[in-house]
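Asks: pasted the sequence and its predicted model underneath.
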Amino acid sequence: MARSPTLETLVLVGVVFLLQRAATLVGLAVPLFVLTPAFPVAPWTVVTSVYAHAGLAHLLSNAVTLALVGVLVEQTTTRLRFHAFFVATGALSGLAQVVLTSGGVLGASGAVFALIGYLLTANPVSAALFDRVRLSRRVQTAVFAVLAAVVTLATGAPGVALVAHFTGFALGLLAGRVRLLDPGPRTRTGPAPRR
């Protein structure tokens with residue numbers, strides 16, 4: 001049986017959380033894990049910030065959502081593509097948050113929102129709908145931007161990285177529409193879907 005990239009990601013998030021707690025004791029949590037506007041000083045935070053979390057509640061909310069959505073997405077892709085997509089969308093979401101707000105950011109929510117967006121547009125029902133309605137790429141992109149804005153505002157709360165949520169969800173919607181993670185029927189992590 002193939003290893004689950006969702007489970008691997010959850011374990012990695014847990015390990016990073018423990019390392020982050022240890023680094024907090026010696027005052028190194030921010031330079032090691034938080035992506036800040038001064039990130040060229042600590043370029044690794046582009047990646048470490050994706051797996052780090054502000055606290056246990058933050059970690060649990062992302063972990064539960066990742067567990068629910070990740071297992072569905074992983075059935076249609078390879079482990080490598082899943083992990084690359086997760087870290088790339090998480091990093092791009094974090095960078096967008098830092099650039100547009102000049103604040104620090106950490107957490108997997110940008111990547112998790114990307115997985116949700118991917119799942120929404122890469123499924124057969126969405127594909128059939130898009131094929132039937134036949135919207136231009138521009139109109140589809142505008143619809144995705146509006147949908148991402150609505151979902152982002154619905155998840156808004158004080159201290160939430162709204163730009164990262166929006167960016168991740170929008171990237172996921174676009175990636176799902178072009179089936180970026182679909183390597184073909186023979187190389188998926190799970191069984192091939194029935195037709």
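Replies: Sure, I can see it. Numbering: from 1, shown residues only.
Asks: tell me where this protein has helices.
Replies: Here the chain has its helices, by DSSP state H, at 5-25, 29-33, 45-51, 56-73, 79-101, 109-122, 124-133, 137-154, 162-177.
Asks: which one of these lies nearest to P183?
Replies: Set against P183 and scored by CB to CB, those come closest in helix 79-101, at 6.3 Å. For every residue, glycine as well, the C-beta is placed using N, CA and C.
Asks: what is the closest one packed up against?
Replies: helix 5-25, helix 45-51, helix 109-122, helix 162-177 (3 or more CB pairs under 8 Å, 6 or more residues apart in numbering; DSSP states H and E).
Asks: mind putting those in CSV, mean pLDDT, mean neighbour count and distance to R134 included?
Replies: Converted to CSV, the helices and strands packed on helix 79-101 look like this (pLDDT from 0 to 100; neighbours: other CB atoms under 10 Å; distance: least, CB to CB, whole Å):
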stretch, mean pLDDT, mean neighbour count, distance to R134
helix 5-25, 97, 16, 34
helix 45-51, 96, 24, 36
helix 109-122, 94, 26, 15
helix 162-177, 93, 25, 13
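Asks: let's have those helices in TSV, adding distance to V34.
Replies: Output for those, formatted as TSV (distance: least, CB to CB, whole Å):
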stretch	distance to V34
helix 5-25	9
helix 45-51	6
helix 109-122	14
helix 162-177	13
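Asks: for R79, which of those is the nearest?
Replies: Nearest to R79, of these and by CB to CB, is helix 5-25 at 4.5 Å.
Asks: give me the contact list for that closest one.
Replies: The contact list for helix 5-25 (CB atoms under 8 Å, 6 or more residues apart in numbering) reads 29, 32-33, 48, 51-53, 59, 62-63, 66-67, 70-71, 73-74, 79, 82-83, 86, 108, 189.
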